[in-house]
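Colleague: only geometry, no sequence info:
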């Protein structure tokens, strides 16, 4: 006798209980605190903040803990929380020229005002597993020196002074908001950048890499990469002026790309731009390359059919929360649609077999 | 005036808005049916139903056009306090409210674009009487035929002829509401008396 | 109840969705873009349906959720408990008792009535998407009523297989204007879309679209004169309730080719069994 499967609710509750147990792991090992994650897995925290579109290191760390280190799952937790937050207003645009830089490098000039500052980078570490880290040691100390608050002007500004790079005129119109309005095409650059800054790091990296390998190559130089802290200010209408409401760490990448010039424009360099929450330089550089590739139309270039030039393709497939949800939904029950396919295939086969038999008999 | 603006909103916004929306949705889904909706008490000259529709659907994302007598100080401050909806002329509104005469001409309102026919205005028409008689209605939402007292006939026939573009109408009277989306085909009443009464 | 607003979504989001629903009802079959929110469940798992349900539910509603026709599938259980927790609404598994029914992949067997709302979860709302992947192109095709591509595809099926090879998410035309995706319901369910007394709402969260069928809307499955549309199901009766008119799931019962067919609509099947109907595999 057949009894229909029941007990979905109990199965779900048990699965959640098991998940909680697995999350904790062996209880004889000390539990991770949110503060430990925030301080010691800060690059994971930064990625979760960037792709979760919410600048809050504590919440990002909590999400990583809850997600057992699955960063896309953590990003999802942050996004779902973010949606429920009320909006009190918009900040003023942050001034990255006034950034207190921890890192600032230019690949285009050997030296420049503000200097080259390596900062806390993996770049020149030899990728040798450091077994000392397996043992708990003392907190390392990096050497320090006093610095004067020297201004760190943007590299593109130097080129701009000579007229060698395309102008990027200031535009004070309020950009569209991807999180409040459905994506509509064609998307202007502000909207594209908004999508890219929260786009999946892996997707953005692969798209950028494809341009370097010739799929819409755009000859990018890292004009400048800077990481540091900027103040966030908000206009308070009741006060009539702006006040600082906090500060955040940003990574900004400006690429300088070649451009041949046109009938109306003399030869000049063009720009790609990346700006991402936290120390996230792989993502910021990728973003700048993809931004530049997507600008083919406004710069009068040919569409060579490269994936990174296709705004609809890039924007509709860059969000890892959308992608992972839809990808994973195929593990949900599809008995009904599968059954309808099964019936159809059986019917078509019956007909083919019948006609084969007829032909054999003739 | 100021005190007036602060009152007359939903007592329990999530439940009041949900109930009002269900009434309104049933009205829009079944053109010609008349429903009661309540929750808001707007200043004169607006009806409770019209005020309830505004509080249910409007906020800072929806430009509203106040037409004729609805465009008074009391209404402006009431709407601003309860919804934050920006006021505008008919050309750029998502919602407009007023009497039929005050709302005219219909050619002033956005009717959507072929790519986005939903980007069209919804007109909240305050009517002196709202009865299930008069013009004949047919189309989606209507089993065979419905009747509704409409302030005009040709205007709604012209509107339906532009489908899928066009305006959508909500009629309000006291605490009652009915609707006429662009998909409804409107016929002249064959009952002259009923038509006269509707005027 | 919980610390969240009634039915989880904030009021501004609900207003945005409600406006989209009204425009959807005014333009039957047309996909209204809406600013879908990130929900606390994955895209592809009913976020569109959940947002539409959240926007239409009132505290007095009685809510039913089915997935593949069944109330007890895990995702149906999960969505039902989400609204029990966030909206405090009463729930039911009985089709005729429910005022709002959220569904994935089925239309209940029992006829729906006025006063009921059927909310569909939609994965890909664009019926032309698998013929033309670009949204910018398909939007144009809808505006120009340019549906030739769809007919070509269906006709190619016929020339290759002798039949239209679409068995679910079978495209329909609404009131002789918009071609619409009915969500991945089996084509067996397509006739129930037309002339239905209930309001039918479709929500696609990831794709940010809402569309609607008002009651008594004419919905026609696309076909050809020489190849008329035919709804189909397994040629069996339900092993439990003996229904010959319901859509059936195939269940593998052993590793020796044994199988049986049972109603996909669990409420329909249980109601028939309670009324004394017995199939050949029933106890």
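Modeller: Great, that's in hand. Model, not experiment: these values are computed from the prediction.

Colleague: sec struct for whatever residue of the stretch 151-300 of chain A ends up closest to chain C, please.
Modeller: In the stretch 151-300 of chain A, the residue that lies nearest chain C is residue A:182 (3.9 Å; C-beta to the nearest C-beta). C-beta here means a position set from N, CA and C on the backbone, and glycine is covered the same way. Here residue A:182 is coil, with the state taken from DSSP: H, G, I helix; E, B strand; the rest coil.

Colleague: residues near it, how many?
Modeller: 14 (other C-beta atoms under 10 Å in any protein chain shown).

Colleague: next up, the contacts around it.
Modeller: By C-beta atoms under 8 Å, 6 or more residues apart in numbering or on different chains, the contact list for residue A:182 reads C:33, C:34, C:35, C:36, C:208, C:209.

Colleague: quick one, grab the pLDDT at it.
Modeller: Residue A:182 is assigned 89 on the pLDDT scale.

Colleague: what's the answer for residue A:7, then?
Modeller: 67.

Colleague: what bits of the stretch 101-250 of chain A have low per-residue confidence?
Modeller: For the stretch 101-250 of chain A, applying pLDDT under 70 flags the ranges A:148.

Colleague: same question, chain B
Modeller: Using pLDDT under 70, chain B drops low at B:1-3, B:190-199.

Colleague: near chain A, which residues of it? Just list them.
Modeller: Within reach of chain A by C-beta under 8 Å from any C-beta of the partner chain, chain B has no residues at all.

Colleague: ok, now which ones touch residue 208?
Modeller: All of this refers to chain A. A:285, A:286, A:287, A:288, A:289, A:290, A:308.

Colleague: not what I meant, chain C
Modeller: A:182, A:183, C:33, C:34, C:35, C:36.

Colleague: switch the cut-off to 10 Å
Modeller: A:181-184, A:322, C:20, C:31-37, C:48, C:125 (C-beta atoms under 10 Å, 6 or more residues apart in numbering or on different chains).

Colleague: most neighbours, which of those?
Modeller: residue C:48 (31 neighbours).

Colleague: got the residue ranges for the strands in chain B?
Modeller: B:35-36, B:64-66, B:95-99, B:122-126, B:135-138, B:146-148, B:168-173, B:176-180, B:185-187 (DSSP state E).

Colleague: ok, now chain C?
Modeller: For chain C, strands defined by DSSP E occupy the ranges C:32-33, C:62-67, C:90-91, C:100-104, C:117-121, C:172-174, C:178-180, C:199-204, C:209-213, C:219-221, C:248-252, C:259-263.

Colleague: what about these, which gets the closest to chain A?
Modeller: Nearest of those (C-beta to the nearest C-beta): strand C:32-33, 3.9 Å.

Colleague: helices or strands up against that closest one?
Modeller: Counting contacts by 3 or more C-beta pairs under 10 Å, 6 or more residues apart in numbering or on different chains; DSSP states H and E, strand C:32-33 packs against helix C:11-26, strand C:209-213.

Colleague: what helices or strands is the last one leaning on?
Modeller: By that I understand strand C:209-213. Partner elements for strand C:209-213 (3+ C-beta pairs under 10 Å, 6+ apart): helix B:13-29, helix C:11-26, strand C:32-33, helix C:47-56, strand C:117-121, strand C:172-174, strand C:178-180, strand C:199-204.

Colleague: and residue B:150, how many neighbours?
Modeller: 25.

Colleague: please point out which parts of the helix or strand of chain C with the lowest mean pLDDT sit buried.
Modeller: Using mean pLDDT, DSSP states H and E, the weakest-scoring helix or strand in chain C turns out to be helix C:148-161, at a mean of 88. For helix C:148-161, the neighbour count (16 or more other C-beta atoms under 10 Å in any protein chain shown) marks C:150, C:153, C:154 as buried.

Colleague: what packs against it?
Modeller: helix A:335-361, helix C:135-143.

Colleague: who touches it?
Modeller: Contacts of helix C:148-161 (C-beta under 10 Å, 6+ apart): A:344-345, A:347-348, A:351-352, C:127-128, C:130-132, C:137-138, C:141, C:163-166, C:170-171, C:173, C:179, C:222-224, C:226-227, C:229.

Colleague: hmm, back to that, can you say which of the helices and strands packed on helix C:148-161 is packed in most?
Modeller: Neighbour counts (mean count of other C-beta atoms under 10 Å in any protein chain shown) averaged over each of those peak at helix C:135-143, with a mean of 17.

Colleague: who's the residue nearest the centre of chain C bridged to?
Modeller: Centroid-nearest residue in chain C: residue C:120, 3.9 Å away (criterion: C-alpha atoms, centre = their mean). Beta bridges link residue C:120 to residue C:103, residue C:202, judged by DSSP bridges.

Colleague: tell me, what's the model's pLDDT at it?
Modeller: Reported pLDDT for residue C:120: 98.

Colleague: my guess is it meets residue C:105, correct?
Modeller: Yes - using C-beta atoms under 10 Å, residue C:120 is in contact with residue C:105, at 8.8 Å.

Colleague: between those two, what contacts are shared?
Modeller: Looking at what touches both residue C:120 and residue C:105 (by C-beta under 10 Å, 6+ apart), the common residues are C:183, C:184, C:185.

Colleague: out of the residues you listed, which comes closest to residue C:260?
Modeller: residue C:185 (22.7 Å; C-beta to C-beta).
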